[in-house]
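J.: Okay, predicted coordinates and the sequence, questions at the end:
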Amino acid sequence: MKRLAWLVATAMLLLLVALSAAQEAKQVGSFSVKANAEALVRKLQAEGKDAFLKQVVVKGKVFYRVYVRPGPKEPPVAKPEAPPEPAPPPQEVKEAEPEPAPAPPAAKEAPPAPKEAAPAVAIPDSECTMCHQPLTQGKVVHTALQMGCQACHTGVDASQLPHKFSGASKGLSAEPPQLCFGCHQQKDFSASTVHAPVNLGMCTSCHNPHSSAEAKLLVSAMPELCYQCHDQGGFQKKVVHAPVATGACTDCHAPHARNNPKLLLRRGPLLCRKCHPRVEKRPHAVVGFRGRGHPLRGKKDPLREGKPFECLSCHLPHASDWARLFRYKAESSFDLCLHCHQM
Ligand code: HEC
Ligand code: HEC
Ligand code: HEC
Ligand code: HEC
Ligand code: HEC
Ligand code: HEC
Ligand code: HEC
Ligand code: HEC
Ligand code: HEC
């Protein structure tokens with residue numbers, strides 16, 4: 001019963017809104033570039049809407065506004081679930097017809113509507129994408145977009161152009177990373193080692209918040225993404241480690257945070273063992289008298305002070321000018337031995 005009363009009230013309100021709206025055309029957009037406005041008009045007309053364009057001067061700037069006359073075939077769609085939003089107050093801009101002279105003080109932006117308690121967004125998401133389509137057209141689309149632009153842009157009044165924004169920049173409910181932590185677990189981004197740009201909240205230096213041609217919404221392909229901030233030189237030597245060459249940096253490094261130094265996924269030989277499981281099972285580097293290879297752990301690195309002896313004592317992880325990714329200048333394996341042994 002309550003529901004029926006609610007529906008009736010809603011319908012009456014919508015009727016009132018429709019009646020008052022019938023008086024004048026509804027503004028659906030405003031552009032500083034005429035071609036954009038014309039494109040929108042053509043698009044709306046193709047949808048069978050009675051759209052037209054009007055040139056106005058606001059604060060001395062020329063804008064091209066797009067209006068739609070409410071046609072009889074277009075009753076407002078009633079959405080009983082959502083409480084009806086009061087129609088936006090009609091724009092009271094004194095519209096000077098195109099005149100080159102600086103606009104007189106009369107040609108001022110309308111004063112802000114008296115009460116601004118209701119959310120300012122006056123047009124639905126489908127209309128946002130009418131003008132901002134490329135944002136949503138990447139191969140990979142952020143699932144958040146399914147929740148609507150307003151999942152993040154709570155403070156965009158797009159009924160005019162330039163839009164009016166409230167809240168954080170670009171009408172966002174918060175700046176990244178807090179914005180992102182609204183849906184993504186903050187604890188996944190904290191550990192004993194946190195990547196500097198993550199620590200600084202620069203999520204959008206690596207991710208496009210809307211859509212992207214790259215997996216995981218990355219702003220560019222791997223490893224170019226990393227080379228935006230890390231000198232490529234260290235990764236481009238005569239011998240390049242296969243996973244580095246293929247841009248698989250995240251096979252060894254976490255992009256955000258990790259409880260290991262250098263954001264490494266695993267510590268010491270465990271990192272290498274993942275892809276080179278046999279190295280430690282057979283004699284390595286040298287076949288000793290008792291068929292044993294070179295010690296690979298449990299010693300101190302004689303050349304890297306304070307570090308344990310491990311794979312990285314003899315090999316570099318990314319690239320090297322020497323065969324087998326040798327850490328030190330070595331034309332042959334024997335040359336390498338001489339850095340630590342006198343033979
Ligand atoms: C009629 C076309 C049109 C519609 C509809 C529209 N926008 Fe825009 N929007 C633009 C244009 C053009 C700009 C760039 C204006 C400028 O730079 O001043 C813009 C700018 C923006 C910006 C800020 C860009 C920046 O770099 O600061 C955001 C955020 C935005 N729009 C969000 C939205 C959202 C959300 C909606 C839907 C509620 C929407 N827009 C609807 C045309 C439109
Ligand atoms: C997951 C949150 C989120 C959602 C959902 C979202 N945006 Fe954004 N949007 C952002 C962030 C963050 C920025 C700022 C990006 C930056 O500064 O690099 C932004 C920036 C923009 C800009 C400025 C231009 C640009 O690319 O930086 C426009 C326009 C925009 N958004 C429109 C939209 C529209 C239209 C929708 C709905 C289709 C939408 N956004 C949905 C988070 C979001
Ligand atoms: C309104 C909720 C919401 C907000 C805010 C949000 N996200 Fe998301 N995001 C999601 C959902 C839902 C998924 C899909 C999760 C899944 O598939 O497990 C997702 C997935 C992702 C993915 C993985 C995409 C893929 O293709 O695997 C990335 C990267 C991402 N978000 C980054 C961000 C960043 C950066 C921000 C802040 C600018 C942000 N998100 C803000 C809801 C949100
Ligand atoms: C230095 C670049 C970089 C920064 C900064 C960054 N990310 Fe990522 N992010 C990545 C990469 C690379 C991946 C893909 C990891 C993979 O494929 O294993 C990723 C994956 C993700 C995913 C998908 C889930 C997953 O683990 O695969 C989400 C969600 C995400 N990032 C959110 C964020 C948020 C939120 C921030 C800011 C707090 C942020 N990222 C900052 C590079 C970055
Ligand atoms: C937006 C810039 C930026 C991007 C993009 C970026 N990094 Fe970084 N990264 C940094 C900064 C800044 C540091 C800290 C540098 C320093 O301390 O010398 C850092 C440090 C690191 C470290 C060392 C961490 C430590 O605690 O010692 C690793 C590993 C790393 N980045 C890997 C990557 C990988 C892999 C990528 C690509 C997925 C990447 N970075 C993309 C800015 C970036
Ligand atoms: C095979 C595993 C592996 C791969 C793949 C890998 N790294 Fe590393 N990376 C390491 C190790 C191990 C260290 C630590 C080196 C040390 O402590 O001497 C390191 C250190 C770093 C550092 C810290 C600065 C330095 O040189 O010590 C950065 C930055 C970095 N890597 C970026 C990258 C980028 C970018 C990629 C992809 C192009 C990448 N790494 C691929 C294993 C790897
Ligand atoms: C993600 C997988 C992966 C990880 C992790 C990895 N490697 Fe490799 N590595 C490869 C591949 C693939 C090759 C090329 C094929 C081969 O020779 O087995 C290679 C080759 C090598 C070579 C021979 C290079 C040459 O040109 O002869 C050395 C030395 C090496 N890796 C050392 C290491 C060390 C040390 C670690 C640990 C820091 C490590 N790798 C971690 C995948 C990996
Ligand atoms: C004492 C120095 C030294 C240490 C420590 C060392 N290596 Fe090597 N590594 C060598 C030498 C020398 C060669 C070249 C052997 C050859 O060409 O006959 C080699 C070759 C390799 C190769 C390419 C040939 C092959 O055997 O597949 C890989 C992969 C490799 N090492 C991985 C590792 C890993 C993983 C570790 C740590 C578990 C490690 N190395 C520790 C000296 C070392
Ligand atoms: C980065 C330094 C380093 C390089 C390079 C190196 N070694 Fe070693 N080597 C060590 C250390 C450390 C030990 C362990 C010494 C100890 O037990 O105190 C060792 C031990 C040995 C032993 C004794 C093994 C045993 O079981 O007691 C031999 C033999 C040996 N190395 C040969 C070589 C040969 C041959 C090469 C070149 C292929 C080589 N080493 C390269 C550091 C190195």
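T.: In hand now; what should we look at? Ligands and ions are numbered 1, 2, ... in the order given.
J.: near ligand 7 at all, stretch 331-343?
T.: No: residues of stretch 331-343 contacting ligand 7 under Cβ under 6 Å from any ligand atom: none, with a closest distance of 11.2 Å. In short, each C-beta sits where N, CA and C put it, glycine included.
J.: From the chain's centroid, how far away is that stretch?
T.: What separates the centre of stretch 331-343 from the centre of its chain is 49 Å, taken as Cα atoms, centre = their mean, to the nearest Å.
J.: and it, which residues are buried?
T.: Buried residues in stretch 331-343, counted by 16 or more other Cβ atoms under 10 Å: 336-337.
J.: check contacts around R327.
T.: Contact analysis of R327 by Cβ atoms under 8 Å, 6 or more residues apart in numbering lists 312-316, 320.
J.: Mind doing that once more with 10 Å?
T.: 303-304, 311-317, 320, 336, 339 (Cβ atoms under 10 Å, 6 or more residues apart in numbering).
J.: One more: R278?
T.: Applying Cβ under 10 Å, 6+ apart, we find R278 in contact with H284.
J.: buried ones in stretch 236-247?
T.: Applying 16+ other Cβ under 10 Å to stretch 236-247 flags 237, 241, 243-244, 247 as buried.
J.: Spell out which parts of this structure neighbour ligand 2.
T.: Within the chain, the positions near ligand 2 by Cβ under 6 Å from any ligand atom are 125, 128-129, 132, 135-136, 142, 144-145, 149, 151-153, 170, 172, 176, 179, 204, 209-210.
J.: hang on, the earlier thing: max pairwise distance over the contacts of R327: which two?
T.: The distance between the two most remote of these (Cβ to Cβ) is 17.9 Å, for P317 and H339.
J.: Show me what from this protein comes close to ligand 8.
T.: 269, 272, 276, 279-280, 284-285, 294, 296, 311, 313-315, 324, 333, 336.
J.: Kindly recompute the last result at 5 Å.
T.: 269, 272, 276, 279, 285, 294, 296, 311, 313-314, 324, 333 (Cβ under 5 Å from any ligand atom).
J.: which of the buried residues of stretch 236-247 are close to ligand 7?
T.: P243.
J.: Save the buried residues of stretch 236-247 as CSV, and put in pLDDT and secondary structure too.
T.: Compiled in CSV, the buried residues of stretch 236-247 are given as follows (pLDDT from 0 to 100; DSSP: H, G, I helix; E, B strand; the rest coil):
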residue, pLDDT, secondary structure
K237, 96, coil
H241, 98, coil
P243, 98, helix
V244, 97, helix
G247, 96, coil
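J.: now, among the buried residues of stretch 236-247, which is nearest to ligand 6?
T.: Nearest to ligand 6, judged by Cβ to the nearest ligand atom, of these is P243 at 3.8 Å.
J.: burial measure for the nearest residue to the closest one once chain neighbours are set aside, as a count.
T.: Nearest non-adjacent residue to P243, counting by Cβ to Cβ, 6 or more residues apart in numbering: D251, 5.0 Å away. By other Cβ atoms under 10 Å, 14 other residues sit near D251.
J.: Please tell me I have it right and D251 contacts C272.
T.: No: counting by Cβ atoms under 10 Å, D251 stays clear of C272, with 11.2 Å between them.
J.: How much space separates the residue nearest to P243 from ligand 6?
T.: As judged by Cβ to the nearest ligand atom, to the nearest Å, D251 and ligand 6 stand 5 Å apart.
J.: What is the three-state secondary structure of Y64?
T.: State at Y64, reduced to three classes by DSSP: H, G, I helix; E, B strand; the rest coil: strand.
J.: give me the beta-bridge partners of it?
T.: For Y64, the beta-bridge partners are F31, Q55 (DSSP bridges).
J.: Same check on the one 4 residues further on?
T.: Beta-bridge pairing of V68, defined through DSSP bridges, involves K26, A51.
J.: thought it was touching K54?
T.: No: at 11.8 Å, V68 does not count as touching K54 under the criterion of Cβ under 10 Å.
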